[in-house]
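Undergrad: Sequence plus the predicted model coming up.
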Amino acid sequence: MSTIGQSVRRTEAPNKVTGRAKYNADTHVPGTLWAHLAVSSEAHAKILGIDRDNAMTMAGVKAIVTGDDVSLLCGEVLEDRPPLAKSKVRYYGEPIALVVATGEAEAILAALAIQVDYQKLPVVHTPLEAMSSDAPLIHEDLGHYVIAQPPISPQPGTNIADVVKLRKGDMNVGWKSSAVSIEGNFTLPSIDHAAMETRSAKVEILHDGRVIVHTTTQAPFEVQKLLSQYFGIKQGKVIVNAPLVGGAFGGKATVQLEILAYLASKAVGGRLVQLVNSREQDFKTSPVGTGLQAKIKLGATRQGKLTAAELTFWVDVGAYTDSSPRMARAITSDCTGPYRVDHVHCDTYCLYTNHTYATAYRGFGHMPMTFCIERAMDKLANALSIDPLQLRRLNAIQPGQTTPTGVTLNLSRLGNLDACIDRMNDLVTKPPGQVTRVAPHRVRATGVSCFWKTSSSPPDASSGAIITFNQEGSMNLSTGTVEFGAGTKTTSAQILAERMDMSIEDIHVHTHINTKVDPEHWKTVASLSTFMVGRAVLDAADDAISQLKSLAAVVLRCAPTDLAVGQGRVFIKDDPTMNVAFKDIVHGYQYPEGNAIGGQVIGRGTYIVRHLSPLNPDDGQGRPGPAWTVGCQAVEVELDTSDGTYEILRAMTVVDIGRLINPKGALGMVMGGMCQGLGYGSREAVRYDALGRLVTDQFRTYRTMRMGEQPNYQVDFIETPQIDAPYGARAVGEHGVLAIPSALANALARAAGVEIDSLPATPEAIWRLGTEVQA
Amino acid sequence: MFSYTTRQSLILQVNQDALTVTPRPSDTLLYTLRQELGFTGAKPGCENGDCGACTVIFDNLPLKSCLMLTAEAVGHEITTVEGLHHTALQDAFMDHWAFQCGYCTSGFLTTAHALLTRHPDADRQTMVEWLRSNLCRCTGYQEIGDAVWSVLQARQT
């Protein structure tokens, strides 16, 4: 029986419903010291002095580390971030001092007793403010920072950390051939990942020099690499453990607490120290998902064919760049949305502000980017008086056409957007342009949006897989992906079961990652795990099969090519009754007289992405990812035009998934993404007061969706195989979220008769835009 | 007058065992369950009652264990997710894919289990009201609602 296409249970499911699944902060070794952070109460200020004398005398305090004790700048792309603020603070909640004490309470009390003397500096609140020539400078040393991972183009003397330029076609031709043009300005707030498990890290430095790390991470191999690099430790001595992760959404792909926990351990002679974010610190001290401002101008023929797109994105990277320069390139690569536009001009700026620094968030910039382009598409539909779904169908990108960065698409690389839109046309039942009055003050409307995304991974991202056998013939699978809920372990077990023609019950997946024994996977991000790990697993399976056949050929006295593998046996293709069981050969074969041959079968597989290239700094041309996933989403709302309150009735997604490996798993990923997208569209925003202090540091102020607020979900899949992917499966982990906020805004804009060009679309925001006019 | 100013031994009734703990007066029930007794199925998500990940069953009612001091729990019957064994609810959560990362799952299970005990005849609206006390960031909530509803319905027919 085939395992592909079956909704097999998650491998870790039984432990998750019994409380037995262990997350990072669930294991506590007696004697562990606790670290706690003292953080900045200012958004932008010079540090005149830090008084730790009182705190040092408090009960249980072992050490206090401040920025003066550490000479280090961190950053994935640009090394601009001191792990503990040095001479100035750049955001509210920034780590200032690290207290290590015998217990959690002792550490917290001492952290509260640390006195910081500030000299306040003017605060930069928005990316556009940061662009202004008289804006306060946030990084005076921008010209002296080390570039860790090019490309990036910092502009010293400004708040511009990076600029990405994309030029395709000839804008003069584009505008000349257009008959209609529209323009839109958009403002999107930063958001929080709000994973249910807060981030934490534990570090112990052993006397033999080994550094043992346990952390909530999507990127254990990145943690290993950076700790090695920052502290001059041989990589082999840094061992990073990643147990089950309680939700991540990109927020745990960055390296922050691990560095601090290392500094804490170092300060107390290498003892085991744990640093666990409170919910409040997880909101204000650890990085958020990026917000941005944008200006978009689209031109089209009278019939609605897009001719030109001019886009500027001002990305709010907050106080430090982290992965934002890579994200800016991801935004730029797919800036037109999944539409054919021959003439494109896009500038994306990464701007420092005095906000919490930003890192990857599900979609890697594609959710805010998609919001802007899809709101612009609805404006164009209005200007042309064309049905919004028809406008998208008319412009949907096709095989043979090129992306903004010049990649020529084919069906395998792209998928079938036409089919997604056509299926959506059936699902929405009424034309999306139509507004229906259901009561004197209540109207219904549907908004639609399309999305596309590729991975924007480094051109050398790689993945590995190792298969070993138990003597009974069952298999152990080791890969480098972290399980944070996306089901990557289950998917890779399914892929292996399918290739080996075995029951998934006989595949045992290594769940907790240990960088010392598990093969590297770049990072569990970018929805790439099924593709990259899946390819490595298939490679390892083929390697194991070849070894099994070689040994079985001796036992069965035939050529290896006569043999096939299935159901835990190697058998002769034309006579399966002649076979040998895995259990008799996987640890060597023993002849009846006692002699043995062969040895353990160990399958080894690798995959490295191919043919990718970084974007050219002059025109942004290059190949950012192996393939795209395309789809169409819609949201139906019922709005009370008297006060702006609304109900989200239905949310719909049609996505070209390539091939369904696990239908219920895929459905859950898409629905969960849609729910997050509705949260971002309707209520979520990281908010700061006039002094730049973050005010949304709890779930009662940072509101996410709750049970009963979710709509009726309708999800449908198109299956256009991606030929180079395992069984044709496309990336789908992030995509459910991408076009939902714009679809919601498009629906509300139609229902209320106003332009909703910023988020979140709260009832108050809609009411302020003047709903009554339409009532 | 009752005075409790330093660590002292208390007996908690957890998952049908009488267990001795030595908390500080300020220790929450969640802290003691996790740090002293190892019932780490109860998760800290916010430690101020917003998220419900730490929910335990307290004399047949769901209770956010971060909001109660350990001392207040003496003399009461506490069930953590570790105290649920092979229930239809746990199977339903697996069959309906009612979790992804699993971090909120213990809290949803204990809340739903209390609902099944207190209101076996609950309608869908009542179920939703009960489950609103807990946050999930991964699923679309429909999967969790469907899982709990499937058990309620099976009991009601």
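TA: Right, received. Where do you want to start?
Undergrad: Neighbours of the residue of chain B found nearest chain A, how many?
TA: Among the residues of chain B, residue B:41 lies nearest to chain A; the distance is 2.0 Å by CB to the nearest CB. (Glycine included, C-beta is placed from N, CA and C.) The local packing of residue B:41 (other CB atoms under 10 Å in any protein chain shown) involves 29 other residues.
Undergrad: and what of residue A:690?
TA: Neighbour count for residue A:690, taken as other CB under 10 Å: 7.
Undergrad: care to break the chain down by domain?
TA: Picking chain A for this. A:31-123+A:196-247+A:252-284, A:288-457+A:613-774, A:461-608 (automatic domain parsing).
Undergrad: look at chain B instead
TA: Taken from automatic domain parsing, chain B resolves into B:10-82, B:84-156.
Undergrad: Redo those as TSV? Include mean pLDDT.
TA: Below are the domains of chain B laid out as TSV (pLDDT from 0 to 100):
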stretch	mean pLDDT
domain B:10-82	97
domain B:84-156	97
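Undergrad: one step back: Serialize the domains of chain A to JSON lines and add fields for mean pLDDT and distance to residue B:17.
TA: What follows is the domains of chain A, written out as JSON lines (pLDDT from 0 to 100; distance: least, CB to CB, whole Å):
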{"stretch": "domain A:31-123+A:196-247+A:252-284", "mean pLDDT": "98", "distance to residue B:17": "26"}
{"stretch": "domain A:288-457+A:613-774", "mean pLDDT": "96", "distance to residue B:17": "32"}
{"stretch": "domain A:461-608", "mean pLDDT": "96", "distance to residue B:17": "28"}
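Undergrad: so which of the ones you listed is the most packed in?
TA: domain A:288-457+A:613-774 (a mean of 23; mean count of other CB atoms under 10 Å in any protein chain shown).
Undergrad: mind checking how far that one is from the chain centre?
TA: Relative to the centre of its chain, domain A:288-457+A:613-774 is centred 15 Å away, using CA atoms, centre = their mean, to the nearest Å.
Undergrad: now the spatially most distant residue from the centre of chain A: how far from residue A:583?
TA: Farthest-out residue of chain A from its mean C-alpha position, per CA atoms, centre = their mean: residue A:593, at 57.3 Å. Distance, residue A:593 to residue A:583, by CB to CB, to the nearest Å: 19 Å.
Undergrad: Quickly check: the longest helix along chain A near chain B or not.
TA: Assignment by DSSP state H gives helix A:529-556 as the longest helix of chain A. No - judged by CB under 8 Å from any CB of the partner chain, helix A:529-556 and chain B are separated, with a smallest distance of 13.8 Å.
Undergrad: Neighbouring strands of the helix or strand just after that helix in the sheet, and parallel or not?
TA: Per DSSP states H and E, the first helix or strand lying C-terminal to helix A:529-556 is strand A:563-566. Sheet pairing of strand A:563-566 (DSSP bridges) gives strand A:569-572 (antiparallel).
Undergrad: right, and the helix or strand after the partner strand?
TA: Following strand A:569-572 in sequence, per DSSP H and E, is strand A:575-581.
Undergrad: Verify the stated contact: the residue of chain B closest to chain A with residue A:20.
TA: Yes - at 7.3 Å, residue B:41 counts as touching residue A:20 under the criterion of CB atoms under 8 Å.
Undergrad: Give me the common contacts of these two.
TA: Between them, residue B:41 and residue A:20 have residue B:82 as joint contacts when contacts are counted by CB atoms under 8 Å, 6 or more residues apart in numbering or on different chains.
Undergrad: would you list the domains of chain A in JSON lines and tack on distance to residue B:101?
TA: Putting those into JSON lines (distance: least, CB to CB, whole Å) gives the following:
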{"stretch": "domain A:31-123+A:196-247+A:252-284", "distance to residue B:101": "4"}
{"stretch": "domain A:288-457+A:613-774", "distance to residue B:101": "10"}
{"stretch": "domain A:461-608", "distance to residue B:101": "3"}
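Undergrad: Hey, what's the angle from the longest helix of chain A to strand A:575-581? Just curious.
TA: Here the directions of helix A:529-556 and strand A:575-581 differ by 100 degrees (axes from the mean of the first three to the mean of the last three CA atoms, to 10 degrees).
Undergrad: so how far is helix A:529-556 off the chain centroid?
TA: With CA atoms, centre = their mean, you get 31 Å for helix A:529-556.
Undergrad: Stretch B:138-149 now?
TA: That offset, for stretch B:138-149, works out to 17 Å (CA atoms, centre = their mean).
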